[in-house]
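Chemist: below is the sequence, then the predicted model.
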Amino acid sequence: MKKGPIQKAGVIGAGAWGTALAQVCARAGLSVTLQARELEVVEDVNANYENHLFLPGVVLESKIRATHDFADLADVDLVLAVAPAQHLRSALTAFAPHARPGLPILLCAKGVEQGTLKLMTQVLAETIPGAAPAVLSGPSFAGEVARGLPTAVTLACPDDDLGWSLAEAIATPTFRPYLAGDMIGAEAGGAVKNVLAIACGIVEGRGLGRSAHAALITRGFSELTKIALALGGEAQTVAGLCGLGDLVLTCSSPQSRNMSVGLALGRGETLEAALSGKLSVAEGVASAPAVRQLAAKLGVDMPICQATAAILAGEVGVDEAILGLLSRPLREET
């Protein structure tokens, strides 16, 4: 599918990650319209070139203009959909009347939709069936990306020509997209790593040591790979930036919103206390029950993700869940 030159980008969702990606697009030379739910964010971006609510301390590029109205994205050449996974359907439904056929929509949310157990590409296919889909995923903290620190990500698109066009449109000297054709693998990696990051935070908060932390990342990556394959993804995809890379980053720094929730749980705080006062969404909290249900539906054994979901649901305590994992029967590694 050949596309014309990409000159205008629309970003749906003005949280920290959406604002950071708007910054990337502007640095790449695109004119950017950033759609925000919060009127105070719209006013702040347009008047002060800053998003104090979600990404304080970052001066935004002058090519970024904010809006509350989805209609203002009607003439863009590319849309980056960055609304949280559990709100993506409603955001895309609101934008749908303004989306022309064949519009490239780059999905940047990571998660499995509760209730439907669908990936974000499936949500897009149901809400804007005429769109040209692609997925952006990889190890990236919003603050670092917004400040121009070096970052590499996976850009997955089944249309090779379109994939290259998108990569060339958003690439900068410090933001490097690597092309892949496997959207399912890219989505599975992004969704499951958030749940595993909560588990790693719990291990860290409980003081179980670096050996346990390394074991959890490794066995968690095995779970991530198994469900990606069961969904129809490829092992090679999740072994890259959008799977292993993202998992290592998210499971290794309290800067990760998901890991910080796990840290609080591991230290004995309630989930309510762990989430209290946080404006940004920890996607793993909402995705955990959906990942558990999806694994059961596909017949995939994911004991770490299942235990994490049970802790978040209040079905088991942290120590009980840890004991359950350590008491599993011995088995071969692969």
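Modeler: Everything's here; your move.

Chemist: list the residues that contact residue 277.
Modeler: With contact set as Cβ atoms under 8 Å, 6 or more residues apart in numbering, residue 277 has no partners. Where C-beta positions appear, they are placed from N, C-alpha and C, glycine not excepted.

Chemist: show me where this protein has its strands.
Modeler: Using DSSP state E, the strands of the chain run over 8-12, 31-35, 64-67, 78-81, 104-107, 132-137, 151-156, 175-180.

Chemist: include distance to residue 119 when you put the ones you listed into JSON lines, please.
Modeler: Formatted as JSON lines, the strands of the chain follow (distance: least, Cβ to Cβ, whole Å):
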{"stretch": "strand 8-12", "distance to residue 119": "17"}
{"stretch": "strand 31-35", "distance to residue 119": "22"}
{"stretch": "strand 64-67", "distance to residue 119": "28"}
{"stretch": "strand 78-81", "distance to residue 119": "13"}
{"stretch": "strand 104-107", "distance to residue 119": "9"}
{"stretch": "strand 132-137", "distance to residue 119": "9"}
{"stretch": "strand 151-156", "distance to residue 119": "12"}
{"stretch": "strand 175-180", "distance to residue 119": "15"}
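
Chemist: what's the neighbour count on the residue nearest to residue 257 when sequence neighbours are not counted?
Modeler: Excluding its sequence neighbours, the residue lying closest to residue 257 (Cβ to Cβ, 6 or more residues apart in numbering) is residue 282, at 4.3 Å. Other residues lying near residue 282 total 23 when counted by other Cβ atoms under 10 Å.

Chemist: I figured residue 282 hits residue 263, correct?
Modeler: No: Residue 282 is beyond contact range of residue 263, at 11.3 Å (criterion: Cβ atoms under 8 Å).

Chemist: picking up where we left off before, adding distance to residue 232 and mean neighbour count, write the strands of the chain out as JSON lines.
Modeler: Below are those laid out as JSON lines (distance: least, Cβ to Cβ, whole Å; neighbours: other Cβ atoms under 10 Å):
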{"stretch": "strand 8-12", "distance to residue 232": "26", "mean neighbour count": "26"}
{"stretch": "strand 31-35", "distance to residue 232": "31", "mean neighbour count": "25"}
{"stretch": "strand 64-67", "distance to residue 232": "37", "mean neighbour count": "20"}
{"stretch": "strand 78-81", "distance to residue 232": "21", "mean neighbour count": "26"}
{"stretch": "strand 104-107", "distance to residue 232": "17", "mean neighbour count": "26"}
{"stretch": "strand 132-137", "distance to residue 232": "14", "mean neighbour count": "26"}
{"stretch": "strand 151-156", "distance to residue 232": "13", "mean neighbour count": "24"}
{"stretch": "strand 175-180", "distance to residue 232": "14", "mean neighbour count": "19"}
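
Chemist: among the ones you listed, which comes closest to residue 24?
Modeler: Set against residue 24 and scored by Cβ to Cβ, the strands of the chain come closest in strand 175-180, at 4.9 Å.

Chemist: quick one: distance of that closest one to the chain centre.
Modeler: 16 Å (Cα atoms, centre = their mean, to the nearest Å).

Chemist: so who does the closest residue to residue 26 other than its chain neighbours touch?
Modeler: Leaving aside its chain neighbours, residue 26 sits nearest to residue 61 (3.6 Å; criterion: Cβ to Cβ, 6+ apart). Each residue near residue 61 by Cβ under 8 Å, 6+ apart is listed here: 23, 26, 27, 32, 49.

Chemist: mind checking how far residue 61 is from residue 266?
Modeler: 39 Å (Cβ to Cβ, to the nearest Å).

Chemist: swap in residue 308?
Modeler: 11 Å.

Chemist: right, and residue 201 touches residue 255 too?
Modeler: No: the pair formed by residue 201 and residue 255 falls short of the contact definition of Cβ under 8 Å, at 11.4 Å.

Chemist: my guess is residue 147 contacts residue 60. True?
Modeler: No: with contact defined as Cβ under 8 Å, residue 147 does not reach residue 60; the gap is 11.3 Å.

Chemist: so which of the two has more stuff around it?
Modeler: residue 60 (24 against 15).

Chemist: now do the contacts for the residue nearest to that one when sequence neighbours are not counted.
Modeler: The shortest distance from residue 60 to any non-neighbouring residue, by Cβ to Cβ, 6+ apart, is to residue 49 (4.5 Å). Residue 49 is in contact with 59, 60, 61, 62, 64, counting by Cβ under 8 Å, 6+ apart.
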